[in-house]
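> attaching a predicted model along with its sequence, questions to come.
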Amino acid sequence: MIDELINEIEAKYEGLNRKLSDPAVMNDRQRYAETAKAHADLQPAYDLVRRYREAERSLSEAEEILAGDGAVEPEMREFLREEMSTSREAMEQLAEEIRVAMLEPDPNDEKDVIIEVRAGAGGNEASLFAADLLRMYSRHAEQKKLKTRILSSSETEMGGFKEVIVEVEGKGAYSAFKYESGVHRVQRIPVTESGGRIHTSTATVAVLPEAEDVEVDIDPADVRVDIFRSTGPGGQSVNTTDSAVRLTHVPTGLVVSCQNEKSQLQNKQQAMKILRARLYEHKLAEQQKELADARKSMVGTGDRSQKIRTYNFPQGRVTDHRVGLTLHKLDAILQGDIGEFTEALAAHDRAEQLKV
C-alpha cells in the first residue's frame, strides 16, 4: 500500500517537474501558475518520500552486508542490526507521515467563518454561559491574529446572550474553529443560586464557513428557446411577427417568457436576464438550505445529553467527549486556550480518514 503511494508521489512529482520546464507551459501564465502551485503543494510529501527512500537504502545495505559471504566482526554485526532497527522505525514513522500529507485538505480551512452561539437549556445561566463562550472564541481569535466582528446579538438583562453571531476573518479562520460546533455543557453554581447547588446548562455553537458569492453560469445547451407570436393589442407592431421568446432552463424547469420588445433578439436578451436572476435566486436558496441543514446537524436540539464538551467549574476541568480528552485548566481555556482540543480533534479526524 505505502509502496504504491510512494511510487505515485514520485511519478507525479517528476511529471510536474517536466511540465515546469516545458516551454508550452512556461509561456502560458495560467497553466504555469497552476502547475507551480501543484508542485509546491506536493513538495512536503515528496520530501518525506526522499527520507523514506534513504531509510530504505540504509536498511537494504545493512541486510546485504549481513547476508554476504564475507566475515563480519561482532561489533560491526551489532552496529548493522541497530542500523536496521533504526531504519525500520524511521520507515514506519515516515509512512504514516506520508499518508497524512496526502490526505485531501478541507477546502473550507482557509475561509472566514461565522460562529453562532445560542443559549440552550438552563435559562439565565445558559445565556451567561453563551457569553463565556463568545469571550473564549474572541480571545482565541486574538491569539491566532484573526479579526472578529459581532454581526448580531440578543442580550439579556444579566449580561448574557440569548443569541450572538460573530464573524471571524483571516487566513485559517475556519480551521481554527471547525471543531467547536455542537452542544457545550457547563456545570457550576449559578450567581442566582442561593443554596449553593450545582446546575447544568448548555449553549449550542454552529461554525459555518462563509459562503462564496453565488455565481450563475448558464450553459446554452441547457436552455430551450421557443419563438412564438406576441399577443399585444391589435394593430401594434409587436403582434405582427414571431418575436416573442420563451426560455426553458431544462435542468431546473424554470420558464421565462418575454414579448415586450419589438425584436426577437431584444426579447431573448431580456428573457435571459430574467432567467439569470431567477437562477441566482434558486441557487442562493439552495445554498441557504445547505447552510441551514449544516447548522441543524451541528447543534442538534441543544438538550443537555447532546454534548460535545463539558466545562466543570467546581473541579476546574474541561472534557471533550469526542476524543475523551480532559484538561484541568478551565480558566486558561475560557481565556481562549483551546488549541489542545483542536489538535486532538484534528489528529482524530486524520486517523478516521486514513481508515477509509
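Good, I have the coordinates.
> now residue 51. Nearest residue, chain neighbours left out?
residue 94 (5.7 Å; C-beta to C-beta, 6 or more residues apart in numbering). All C-beta atoms are positioned from the backbone trio N, CA, C, and that covers glycine.
> neighbours of that neighbour, just the number please.
The local packing of residue 94 (other C-beta atoms under 10 Å) involves 22 other residues.
> what does the one 5 residues further on give?
The local packing count at residue 99 equals 17, with neighbours defined by other C-beta under 10 Å.
> residue 265 too?
The number of residues near residue 265, taken as other C-beta under 10 Å, comes to 11.
> what kind of secondary structure is it in?
helix (DSSP: H, G, I helix; E, B strand; the rest coil).
> pLDDT score for it?
Residue 265 carries a pLDDT value of 88.
> the longest strand seen in the chain packs against which elements?
Ranked by residue count, the top strand of the chain under DSSP state E comes out as strand 199-209. Packing partners of strand 199-209 (3 or more C-beta pairs under 8 Å, 6 or more residues apart in numbering; DSSP states H and E): strand 113-119, helix 124-143, helix 173-177, strand 182-188, helix 264-299.
> just to revisit the earlier point, from residue 176, how far out is the residue nearest to residue 51?
Distance of residue 94 to residue 176, computed by C-beta to C-beta, to the nearest Å: 28 Å.
> just residue 99 next, same as before
24 Å.
> ranges for the strands of the stretch 1-150 of the chain?
Secondary structure of the stretch 1-150 of the chain (DSSP state E, counting those that start in this stretch): strands located at 113-119, 147-155.
> tell me what the last one is packed against?
Right, strand 147-155. Against strand 147-155 (3+ C-beta pairs under 8 Å, 6+ apart) you get helix 124-143, strand 161-169.
> try it again with 10 Å
strand 113-119, helix 124-143, strand 161-169 (3 or more C-beta pairs under 10 Å, 6 or more residues apart in numbering; DSSP states H and E).
> want to try a markdown table for the ones you listed, with mean pLDDT, mean neighbour count and distance to residue 19 as columns?
Formatted as a markdown table, the helices and strands packed on strand 147-155 follow (pLDDT from 0 to 100; neighbours: other C-beta atoms under 10 Å; distance: least, C-beta to C-beta, whole Å):
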| stretch | mean pLDDT | mean neighbour count | distance to residue 19 |
| --- | --- | --- | --- |
| strand 113-119 | 92 | 24 | 35 |
| helix 124-143 | 96 | 21 | 40 |
| strand 161-169 | 93 | 19 | 35 |
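> can you tell me which of the ones you listed is nearest to residue 324?
helix 124-143 (20.9 Å; C-beta to C-beta).
> can I get that closest one as CSV, trimmed to CA atoms?
C-alpha atoms of helix 124-143 as CSV (Å, rounded to 0.1, in the frame of the first residue of the first chain):
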residue,chain,number,x,y,z
ASN,A,124,-30.4,32.8,32.5
GLU,A,125,-27.4,30.6,33.3
ALA,A,126,-27.4,29.3,29.7
SER,A,127,-27.3,32.8,28.4
LEU,A,128,-24.4,33.7,30.7
PHE,A,129,-22.5,30.6,29.5
ALA,A,130,-23.1,31.7,25.9
ALA,A,131,-21.4,35.0,26.8
ASP,A,132,-18.5,33.0,28.3
LEU,A,133,-18.1,31.0,25.0
LEU,A,134,-18.2,34.2,23.0
ARG,A,135,-15.3,35.6,25.1
MET,A,136,-13.4,32.4,24.7
TYR,A,137,-13.7,32.4,21.0
SER,A,138,-12.8,36.1,20.8
ARG,A,139,-9.6,35.5,22.8
HIS,A,140,-8.7,32.5,20.7
ALA,A,141,-9.1,34.6,17.6
GLU,A,142,-6.8,37.3,19.0
GLN,A,143,-4.2,34.6,19.7
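> distance of the nearest residue to residue 202 once chain neighbours are set aside relative to residue 129?
Among residues not flanking residue 202 along the chain, residue 120 sits closest, at 3.6 Å (C-beta to C-beta, 6+ apart). From residue 120 across to residue 129, the span is 9 Å (C-beta to C-beta).
> overlap in contacts, these two.
184, 185, 186, 201, 202, 203 (C-beta atoms under 10 Å, 6 or more residues apart in numbering).
> residue 50 touches residue 10, doesn't it?
Yes. Judged on C-beta atoms under 10 Å, residue 50 makes contact with residue 10 at a distance of 9.2 Å.
> wait, the residue nearest to residue 51 touches residue 9, no?
No. Contact criterion C-beta under 10 Å: residue 94 and residue 9 do not qualify, at 11.9 Å.
> so what sits against both of the two?
Common neighbours of residue 94 and residue 9 (C-beta under 10 Å, 6+ apart) are 48, 49, 52, 101.
> okay, the closest residue to residue 316 other than its chain neighbours: pLDDT?
Spatial nearest neighbour of residue 316, chain neighbours left out: residue 330 (4.6 Å); criterion: C-beta to C-beta, 6+ apart. pLDDT for residue 330: 97.
> which residues of the stretch 51-200 of the chain score low on pLDDT?
The stretch 51-200 of the chain contains residues with pLDDT under 70 at 192, 194.
> switch the cut-off to 90
64-77, 96-97, 99-111, 121-123, 151-154, 157-159, 190-197 (pLDDT under 90).
> same question, the stretch 251-356 of the chain
Short version for the stretch 251-356 of the chain, where the test is pLDDT under 90: 252, 254-306, 346-356.
> what score does residue 235 have for pLDDT?
42.
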